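Visitor: sequence and predicted model, in that order:
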Amino acid sequence: MSVARVTEISSSSAKSFEDAVNVGVERASKTLKNVVSAWVKDQQVLIENGKVTEYRVMMKVTFILEE
């Protein structure tokens, strides 16, 4: 039997929402072992002078706890 834990993280990118997700998952995987999934809970953009300057995502990352 395995037990999982879910933690919420935020991540950002100047490129796209997809890149923000990839950046967040890669960074979470450096700290958390056994990352198995991520759910994008929310998306947001920062705007300066009428242009999008940053894409942000809030994610719930699931990882399996070790025995």
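Guide: Okay, I see it.

Visitor: quick one, strands of the protein?
Guide: For the chain, the strands defined by DSSP state E cover 4-13, 35-48, 51-64.

Visitor: any idea how far residue 55 is from the residue nearest in space to the middle of the chain?
Guide: Note on the chain: the residue nearest the mean C-alpha position is residue 24, at 3.8 Å, using C-alpha atoms, centre = their mean. Remark: distance between residue 24 and residue 55 (C-beta to C-beta, to the nearest Å) = 11 Å. In this view, the C-beta of every residue, glycine as well, is placed from N, C-alpha and C.

Visitor: same check on residue 18?
Guide: Separation of residue 18 from residue 55 (C-beta to C-beta) stands at 9 Å.

Visitor: which one of these two is surrounded by more residues?
Guide: It is residue 55, of residue 18 and residue 55, that has more neighbours when counted by other C-beta atoms under 10 Å, with 21 against 12.

Visitor: for the more buried one, name its beta-bridge partners.
Guide: Judged by DSSP bridges, the bridge partners of residue 55 are residue 13, residue 45.

Visitor: my read: it touches residue 10, true?
Guide: No - contact between residue 55 and residue 10 fails when scored by C-beta atoms under 8 Å: they sit 11.3 Å apart.

Visitor: which one of the strands of the chain lies closest to residue 28?
Guide: Comparing the strands of the chain against residue 28 with C-beta to C-beta, the closest turns out to be strand 51-64 (5.0 Å).

Visitor: now do the closest one and strand 35-48, the angle between them.
Guide: Here the directions of strand 51-64 and strand 35-48 differ by 160 degrees (axes from the mean of the first three to the mean of the last three C-alpha atoms, to 10 degrees).
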